[in-house]
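[1] Coordinates for the following, if possible.
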Amino acid sequence: QVQLAESGGGSVQAGGSLRLSCTASNSYCMAWFRQAEGKEREGVARISTGNGGRDYADSVKGRFTISRDIGKNMLFLQMDSLKPEDTAMYYCATIWCGTWSPRNNYWGQGTQVTVSS
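    Here you go, the predicted model:
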C-alpha cells in the first residue's frame, strides 16, 4: 500500500499561490482531490505515470498545475490565482489511469487550504 502524506497547505488571500506536495508512487497514475466542508470529494488534477498526460477539473484549469518528480517520488500541485471557492482539504491519491477513480479507499490526512477574500 502506498503511503501518502500531503503537505504545503495554508491560509492565503484571494489571488495568492500555494504549492502542495505529496509522497507518491512512480508506478501509478495519481491525482489531487479536494473536499470542501459539506460537499463531496472531487478530483481537481490528475497525471499519468512518468510526467505524461495531465487533466484538470474545469474549475481549476489555467490556474492549477500538477507535476511529479520521478527521482524523488513526489507529486505536486501548484495553485495560482486562488479563489475563496478553492478552500478545502486537499488529498492526493493513486487512481486508475484515465479515470478519477481511486485505486483504493486509503486517504492520507490531507492538507488544508483556506483562501480568504
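
[2] ok, the residue positioned nearest the centre of the chain - contacts?
    The structure's the chain has its C-alpha centroid closest to residue 32; by C-alpha atoms, centre = their mean the separation is 2.4 Å. For residue 32, the contacting residues are 20, 22, 43-46, 64, 66, 75, 77, 90-92, by C-beta atoms under 8 Å, 6 or more residues apart in numbering. The C-beta positions use only the backbone N, C-alpha and C, and glycine is treated the same way.

[3] For burial, what's the neighbour tally of residue 87?
    Per other C-beta atoms under 10 Å, the neighbour tally for residue 87 reads 17.

[4] And the pLDDT at it?
    For residue 87, the pLDDT comes out at 98.

[5] wait, isn't it in contact with residue 36?
    Yes: between residue 87 and residue 36 there is a contact under C-beta atoms under 8 Å: 6.3 Å.

[6] show me where the protein has strands.
    6-7, 10-13, 18-23, 29-35, 42-47, 54-56, 64-69, 74-79, 88-95, 111-116 (DSSP state E).

[7] now for the ones you listed, which one comes closest to residue 102?
    strand 88-95 (4.7 Å; C-beta to C-beta).
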